[in-house]
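Q: kindly generate the corresponding structure for this input.
(one chain, ligands or ions: 1)
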Amino acid sequence: MSNDGHVSVQSHLVLERILSMEIVRVTERAAVAAARWTGRGNEKAADQAAVDAMRRELNKLPIDGTVVIGEGELDEAPMLFIGERIGSKKGPKVDIAVDPLEGTTLCAKNMPGAIATVAMAEGGTLLNAPDVYMEKIAIGPGYPKSVVDLDAPAEQNIRNLAKAKDVEPAEITALILDRPRHADLIAGVRKAGAAVQLITDGDVAGVIHTADPPNTGIDIYLGIGGAPDGVLAAAALRCIGGQMQCRLVLDTEEKRSRAAKMGIKDPRKKYEIADMVKGDCLFAATGVTAGAMLKGVRFRKDVIETETVVMRSITGTVRWIRAEHRELAKFHLD
Ligand code: VTB
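A: Predicted coordinates for the structure are as follows:
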């Protein structure tokens, strides 16, 4: 305890000691704020509510945080922009990746799987990715290294994965975003004999599904989604185990120069998890609408219920936190 009455914690312990609970508050607040807009058909308002709530909570944390994955780049001037300094600015340096409402459409349409999510890591250890597309492949823990590869054809990845799992390809299910750009990929997976589960949005949760096939029914995530979502998903897999490879889609000069400004030297680099999340990290997600992974926010008389998962990479601890909130003023809902 320091003489000003504050508990002082060595900086390398801060992720463990303080933030693993504080990060839960951050995603809870964002989820509740967004959930008020569930099914209202207003994506912008839902997202804005989540951003405001998340920013308010992040600014209370005893950290010198920098948003490295955020709501957009500086010239778009959103809140939680990439590069924004956040927190009390007195604590340790922390990199922060946010997606205050992952699946804005899911929330606006009241469809399953919208989440509020944050990852935090020691300063300078998260990939500063521009807001572009990213090719991704991910599988859960327990497989030999390199059993699947981002650059291998889908059929081959399915066959290799099935062999490693000791099952027929017919027993493999791949999760893929339902987009026209994935037509060939989907055809390839089906040609190998595997099943495809399509999602309309939400590939952070999609990637996390691969970590627990017995419960989710998902063995592999494939396809092109947002790069920011890729870094968040990599943080989660770093905590719970699994393999993921990604590559930024930098298909124009403008995107390559934006990436270069963010420190990306090789525009074709194939990123492994450890390239995207280099050190110890925390990941948290709170359900907004009910999904396979998390329950959604429930508004009951005088009580708001939330469900959150929080993970820590150094220990591999995964905590599921179901909360009943009774002091509702903290949500600033009026
Ligand atoms: C994914 C998904 C998001 O965007 O990243 C996807 O995780 C990719 O972009 O929830 P397109 O919609 O342009 O294909 C979302 O669906 C929305 O941010």
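
Q: quick check: residue 211 touching residue 239?
A: No - under the criterion of C-beta atoms under 8 Å, residue 211 is not in contact with residue 239, lying 9.2 Å apart. Heads up, the C-betas are built off the backbone N, CA and C, glycines and all.

Q: who has more neighbours out of those two?
A: Under the criterion of other C-beta atoms under 10 Å, the comparison of residue 211 against residue 239 puts residue 239 first, with 26 against 23.

Q: any idea how far the more buried one lies from residue 231?
A: Taking C-beta to C-beta, to the nearest Å as the measure, residue 239 falls 13 Å from residue 231.

Q: got it, and residue 168?
A: From residue 168 over to residue 231 the distance is 34 Å, taken as C-beta to C-beta.

Q: which of these two has more neighbours?
A: Higher neighbour count among residue 168 and residue 231: residue 231, with 26 against 12, using other C-beta under 10 Å.

Q: which element is that one on?
A: If you go by DSSP states H and E, residue 231 is part of helix 227-240.

Q: run a quick neighbour tally on the closest residue to residue 303 other than its chain neighbours.
A: Once flanking residues are discounted, residue 303 sits nearest to residue 324: 5.3 Å by C-beta to C-beta, 6 or more residues apart in numbering. Neighbour count of residue 324, defined by other C-beta under 10 Å: 11.

Q: list the contacts of residue 324.
A: Residues touching residue 324, when contacts are defined by C-beta atoms under 8 Å, 6 or more residues apart in numbering, comprise 303, 304, 305.

Q: report the buried residues of the helix or strand harbouring it.
A: Residue 324 is located in strand 318-325, with elements delineated by DSSP H and E. Going by neighbour count (16 or more other C-beta atoms under 10 Å), the buried part of strand 318-325 is 323, 325.

Q: equivalent analysis for stretch 53-71, please.
A: Within stretch 53-71, the residues that count as buried by 16+ other C-beta under 10 Å are 53-58, 61-71.

Q: show me the contacts for the residue lying closest to residue 293 once chain neighbours are set aside.
A: Leaving aside its chain neighbours, residue 293 sits nearest to residue 205 (5.4 Å; criterion: C-beta to C-beta, 6+ apart). Under the criterion of C-beta under 8 Å, 6+ apart, the neighbours of residue 205 are 102, 103, 113, 115, 285, 291, 292, 293, 294.

Q: how near is residue 205 to residue 232?
A: Noted for residue 205: a distance of 10 Å to residue 232, by C-beta to C-beta.

Q: please enumerate the shared neighbours of those two.
A: Shared between the contact lists of residue 205 and residue 232 (criterion: C-beta under 8 Å, 6+ apart) are residues residue 102.

Q: which ones among the buried residues of stretch 53-71 are found in helices?
A: Residues from the buried residues of stretch 53-71 lying in helices, with DSSP state H as the criterion: 53, 54, 55, 56, 57, 58.

Q: ok, the first one to residue 233 distance?
A: This means residue 53. Using C-beta to C-beta, residue 53 is found at 22 Å from residue 233.

Q: list the contacts of stretch 247-265.
A: With C-beta under 8 Å, 6+ apart, stretch 247-265 has contacts from 73, 82, 128-130, 132-135, 150, 224, 227, 267-271.

Q: in contact with the nearest residue to residue 271 once chain neighbours are set aside, which residues are there?
A: Of all residues not flanking residue 271 in the chain, residue 246 sits nearest, at 4.7 Å (C-beta to C-beta, 6+ apart). With contacts defined as C-beta under 8 Å, 6+ apart, the neighbours of residue 246 are 134, 135, 136, 137, 150, 227, 230, 234, 270, 271, 276.

Q: can you get me a residue count around the second one?
A: Under the neighbour criterion other C-beta under 10 Å, residue 135 is assigned a count of 20.

Q: work out for me the element it sits within.
A: In this structure, residue 135 is located in strand 133-139 according to DSSP H and E.

Q: model confidence over the helix or strand following that strand, on average?
A: As assigned by DSSP H and E, the chain's next helix or strand after strand 133-139 is helix 154-165. Throughout helix 154-165, pLDDT has a mean value of 98.

Q: check stretch 88-99 too.
A: When pLDDT is averaged over stretch 88-99, the result is 92.

Q: buried set for it?
A: Buried residues in stretch 88-99, counting neighbours by 16+ other C-beta under 10 Å, are found at 91, 92, 93, 94, 95, 96, 97, 98, 99.

Q: so in terms of bridging, what pairs with the fifth one?
A: On the basis of DSSP bridges, residue 95 is bridged to residue 66, residue 121.

Q: which other residues reach the strand or helix carrying residue 46?
A: In this structure, residue 46 is located in helix 43-58 according to DSSP H and E. With C-beta under 8 Å, 6+ apart as the contact definition, helix 43-58 has outside contacts at 25-27, 29-34, 36-38, 40, 65, 71, 78-80, 86-87, 96, 98, 100-101, 104-105, 107-108, 116, 118, 288, 331-332.

Q: can you give me the offset of that helix from its chain's centre?
A: Centroid displacement of helix 43-58 relative to its chain, using C-alpha atoms, centre = their mean, to the nearest Å, is 16 Å.
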